[in-house]
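Colleague: build the 3D model from these lines:
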Amino acid sequence: MPHRDPAGWPWLKERLNGLRQARVPAVDPGSGAAPAGVRTAVVTDSAAALPADWVRAVSAGGELTVVPMPVMVGTEIYGEGEDDIADTIAVALASGKPVKTSRPSPGQFEQAYVAAQRNGFESVVSLHISGELSGTVDSARLAAAKVSIPVDVLDSRTVGMAQGMAVQCAVSAAAHGKAAAAVRECAEYGLARSKVYFYVPSLEQLRRGGRIGAAASLWGTMFAIKPILAVEDGRVVPLEKVRSAAKAIARLREIAVADAVSRPPGRALLAVHHFGNPAEAKQLAAELAAAVPGCLPVQISALPAVLAAHAGLGVLAVIVGESGTPAAREPSAAS
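Modeller: Numbers count the residues shown, from 1 in each chain. Down below sits the predicted model:
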């Protein structure tokens, strides 16, 4: 199985370096004070599919906390980040062993919010996987009601790096000392400009998990249809029906390219997710890069465990986003 921590995320690393240069050096985390000018922390969940090396670097400054989402394989419960979880899920799916996911507990979010307050942050923006796909956002809201620090909980209505790109925008704003309203605005900016398109060899796992209707799953069982799917308004929806895997992947590429080239020149962001098929993902990423002039480097990563459990082996997903931030506004008393 591929490692979930990709070797290079050039545009993310470049953004991180920019944040480091822009902000005052962080104080000792144990001192209970946030870095100068930073007032808002960001919390998300592992469905955002953020690269582990980037998360480690940003989390060191206190701006970001990623709450892991649990996966149950048989009777065993695993958390995102455990070394053998990807292999365990792959073997379970291949053998027909039950694989289920769950939302983090409200207590996990409460701990994250309290930790932010103890570290000197004045507020939190908490951005999560679509409420149509998981109860995670409900857990976050329950926790937010129990803490004294203001917490703004945002349902991303999406998943994967579409959610992750919005988290990146939010963290960028937080690192530049923005208040919660401006951090949320950056997250919403990213979400409004991201799309998720994906192909799965079988709809069975999505059907078992209740992420797609039984009628739609008949595409792949009765007629050997290879569907292309999308995330629309927080839900997984059928997009097109294709007769073979090769044609489905080619059509996935065409759809993503058409979306990317419709963005302002040089602004398209592209990411490719996979599970168990890194060579196909690498090939797809190369073809996307060649077809979208001037786009930033295409990012490749394995799906996080909580998404892989539902998508199944052989999935290919393309996330199309857009770089930039909301238009500059006059500062208000709230920001």
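Colleague: let me see the domain layout of this structure.
Modeller: With domains defined by automatic domain parsing, the chain comprises 10-69+104-192, 195-322.
Colleague: pLDDT of the last one, averaged?
Modeller: Looking back up the chat, that one is domain 195-322. Across domain 195-322, pLDDT averages out at 84.
Colleague: and Val257, its phi and psi?
Modeller: Val257 has phi and psi values of phi -60, psi -40 when expressed as degrees, to the nearest 10.
Colleague: also the one 4 residues further on?
Modeller: The phi/psi pair for Val261 (degrees, to the nearest 10) reads phi -70, psi -10.
Colleague: so what's the residue count around the closest residue to it other than its chain neighbours?
Modeller: Excluding the flanking residues, the one nearest Val261 by CB to CB, 6 or more residues apart in numbering is Val292, at 5.8 Å. From N, CA and C alone the C-beta is placed, and that goes for glycine too. As a burial measure, Val292 scores 21 neighbours (other CB atoms under 10 Å).
Colleague: go ahead and confirm Val292 touches Ala260.
Modeller: Yes - using CB atoms under 8 Å, Val292 makes contact with Ala260 at a distance of 4.5 Å.
Colleague: overlap of the contact sets of those two?
Modeller: Shared contacts of Val292 and Ala260, defined by CB atoms under 8 Å, 6 or more residues apart in numbering, comprise 268, 270.
Colleague: contacts only, for the most centrally placed residue in the chain.
Modeller: Residue closest to the average C-alpha location in the chain (CA atoms, centre = their mean): Ala48, at 2.0 Å. For Ala48, the contacting residues are 66, 127, 129, 160-161, 163-164, 167, 304, by CB under 8 Å, 6+ apart.
Colleague: out of those, who's nearest Ser95?
Modeller: Pro304 (21.3 Å; CB to CB).
Colleague: what's the distance between Val318 and Tyr197?
Modeller: For Val318, the distance to Tyr197 (CB to CB, to the nearest Å) stands at 5 Å.
Colleague: meant to ask about Ala143, not that
Modeller: Taking CB to CB as the measure, Ala143 falls 32 Å from Tyr197.
Colleague: have a look at those two and say which one is more surrounded.
Modeller: Neighbours were counted for Ala143 and for Tyr197 using other CB under 10 Å; Ala143 has more, 25 against 22.
Colleague: now that one: closest residue in space, sequence neighbours ignored.
Modeller: The nearest residue in space to Ala143 (CB to CB, 6+ apart) is Phe109, at 3.6 Å.
Colleague: contacts for the one helix or strand Lys100 maps to, please.
Modeller: Following DSSP states H and E, the helix or strand that holds Lys100 is strand 99-101. Outside of strand 99-101, the residues within contact range by CB under 8 Å, 6+ apart are 69-73, 89, 92-93, 134, 205, 209, 306, 309-310.
Colleague: let me have these in a markdown table, extended by distance to Glu232.
Modeller: Shown next, in a markdown table, are the contacts of strand 99-101 (distance: CB to CB, whole Å):
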| residue | distance to Glu232 |
| --- | --- |
| Met69 | 22 |
| Pro70 | 27 |
| Val71 | 25 |
| Met72 | 28 |
| Val73 | 30 |
| Ile89 | 26 |
| Ala92 | 29 |
| Leu93 | 26 |
| Ser134 | 16 |
| Gln205 | 20 |
| Gly209 | 18 |
| Val306 | 20 |
| Ala309 | 21 |
| His310 | 17 |
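Colleague: highest neighbour count among these?
Modeller: Highest neighbour count within the contacts of strand 99-101: Val306, with 29 neighbours (other CB under 10 Å).
Colleague: isn't that residue right next to Met69, touching?
Modeller: Yes - with contact defined as CB under 8 Å, Val306 reaches Met69; the gap is 4.1 Å.
Colleague: can you pull the residues that touch both of the two?
Modeller: Common neighbours of Val306 and Met69 (CB under 8 Å, 6+ apart) are 46-47, 80, 101, 134.
Colleague: which two of these have the greatest separation?
Modeller: Glu80 and Ser134 (13.0 Å).
Colleague: and for those two, which residues touch both?
Modeller: Common contact partners of Glu80 and Ser134 (CB under 8 Å, 6+ apart): 69, 306.
Colleague: about what we covered before: neighbour-wise, which one of the contacts of Ala48 leads?
Modeller: Taking other CB under 10 Å as the neighbour criterion, Gly164 ranks highest of the contacts of Ala48 with 31 neighbours.
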